[in-house]
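In: Build the 3D model from these lines:
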Amino acid sequence: MISNRKSLIRTINGQKVEIFPLEAARLDFGLGTVFPAAHLPINLNNVNACVRSHRSIRPLPLHTDMIASMILLLGCENVNPIEVPNTLHKILTKEQLAEIPSPQIHQMFQPEVLEQGQFTITDAEAREYILEAPPHTWLHHAKRLSAELQPNTLRWILFEFIENDGLGCRWATEQLHASRDLYSSVHIEEALSNPNTIIRSWAVLNVDLGSEKRLLKLIKPLRYDAEPLITHKVFTRIRQSSLHIDKKCDLILPLLESKAHRDVAIIHLGHLRLKPERKLEILAPFLKSSNPNEVISSIRGLRDSGCEKTEQALIECIDHEFRSVLRCLLQSIASFGPWFEQHSQRLSKHSELHADLLRAMSRSHGFNQIPTIKAIMKDQRNTLIVRGIVALSKLHSVEAVNLIGDYLLNHDSRYVRRNAAEYLGESGRIAALAFLHRVGDDISNGVRNSARIAIGKINKTYMEN
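Out: The predicted structure follows:
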């Protein structure tokens, strides 16, 4: 004990160890004690043992937790010498000290110094130099190459990086697309058969297709590439060519028979400016596909056609089982008439459709949209509630104004209340004034200002009329 302080004492191999648990608690509470806060209250032979936690430990553990650990460590019959702090090594025997592994000394290595600056050697010398250098330095040396002085080596190493898909692949891909003039037409045509997808894709985008005959010779066989990305690029080049639209269509149509390429073919047929009747004839069968991706691609290809028959074909898909397809339909159907009322109420039960359903309301007519909008807004996040308010404001009905007014007066979010005030002004209805005049004591300046502006807007409208 020190000055009547409670302690636990144990003599280990002739060395007196004294631990003060209550002092540890005082340190944790920030109370005064003879022990420094950086050390544990442990004495060795009546002298502070300077035991502390490891500097790298964050957050710092409590003194009481560390003292409890020391009691468990030093209170056992066979003390584990490896776990004993360095400042308490006096309690260990020579045999125990021998069990402690030697501390590892981390040698400081000087960073490897690599040559800098652009290569001035010949093309062949540059390639030989890089091949003899350690592989991890290749990227550094590749950046020293010049397209004027070492074009062959630069061409080789770009492909080398990309084909190995390791260090330097990203840099090489960027350089490949930025250095079109580095490769001749022969190089690019040879790259069309390269096993690497990135290189083949680049070759498809850059190959010279000066004539129809050349296009058919080089590009046509690549339509059935194993990688859909390549097929996409091939069809893009075909659509950009000067071929007649019917010939473009004929080049893409056969791939509808290939399950692996069908979705890509549908997408690019949808982009072709075919007559609506012809496009519907081609894509209509895939509106009933069991593959939702094919259905979605077909819908996107058929939308905005201005063809009544095409629009009806899209409407007939509104009972589709996949929500992703339903979202696409809500985005794509040009107009929602009275037929949509029962469907809108059913679709409002699915939260992932709410945002697109609200947008569809702006293209709806011939039925009461308010029950659907109200159902969507119930217990929803604030951003969706505001979208609902926007949709309601466009209906210009008293019922819609009353709903927006209810949000203005009763909703907890000032963001919602401010938008409610603004869109009551957009509604232009006199009935909105009854709600706007009641927000003079709202805690939010933004809400009060929005209400004031909305009142002025409505009054101005009616004064002008």
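In: Select the longest helix from the chain.
Out: Ranked by residue count and defined by DSSP state H, the top helix of the chain is helix 445-464.
In: Any stretches of this protein with poor pLDDT?
Out: Along the chain, the parts satisfying pLDDT under 70 run over 1-4, 54-58, 103-113, 464-465.
In: quick one, strands of it?
Out: 8-12, 15-19, 42-44, 47-48 (DSSP state E).
In: ok, the last one: who's next to it in the sheet?
Out: This means strand 47-48. Strand pairing for strand 47-48, determined by DSSP bridges: strand 42-44 (antiparallel).
In: Please state the offset of the strand it pairs with from the chain centre?
Out: The gap between where strand 42-44 is centred and where its chain is centred comes out at 55 Å by C-alpha atoms, centre = their mean, to the nearest Å.
In: Then stretch 215-225?
Out: With C-alpha atoms, centre = their mean, you get 35 Å for stretch 215-225.
In: In that stretch, which residues are buried?
Out: Neighbour-count burial for stretch 215-225 flags 215, 218-219, 222-223, 225 (criterion: 16 or more other C-beta atoms under 10 Å). (C-beta placed from N, C-alpha, C; glycine too.)
In: and residue 458, what is it in contact with?
Out: By C-beta atoms under 8 Å, 6 or more residues apart in numbering, the contact list for residue 458 reads 424-425, 428-430, 432-433, 436.
In: Give the full set of residues in contact with residue 201.
Out: Residue 201 neighbours (C-beta under 8 Å, 6+ apart): 227, 229-230, 233.
In: Can you go through the residues you listed and name the buried ones?
Out: Members of those classed as buried by 16+ other C-beta under 10 Å are 230, 233.
In: Could you identify the most distant pair in the contacts of residue 201?
Out: The span of the contacts of residue 201, defined through C-beta to C-beta, is set by 227 and 233 at 9.4 Å.
In: any idea how far the residue nearest to residue 26 when sequence neighbours are not counted lies from residue 59?
Out: Distances taken as C-beta to C-beta, 6 or more residues apart in numbering put residue 33 closest to residue 26, at 4.7 Å, once the chain neighbours are dropped. Separation of residue 33 from residue 59 (C-beta to C-beta, to the nearest Å) stands at 21 Å.
In: Please say which of those two ends up with more neighbours.
Out: residue 33 (18 against 5; other C-beta atoms under 10 Å).
In: May I have the residues that are in contact with that one?
Out: Residue 33 touches 23, 26-27, 41, counting by C-beta under 8 Å, 6+ apart.
In: Quick one: residues contacting residue 157.
Out: Applying C-beta under 8 Å, 6+ apart to residue 157 gives the contacts 130, 138, 142, 145, 172.
In: at 10 Å instead, please
Out: Listed by C-beta atoms under 10 Å, 6 or more residues apart in numbering, the contact set of residue 157 reads 126-127, 130-131, 138-139, 141-142, 145, 150, 168, 172, 175.
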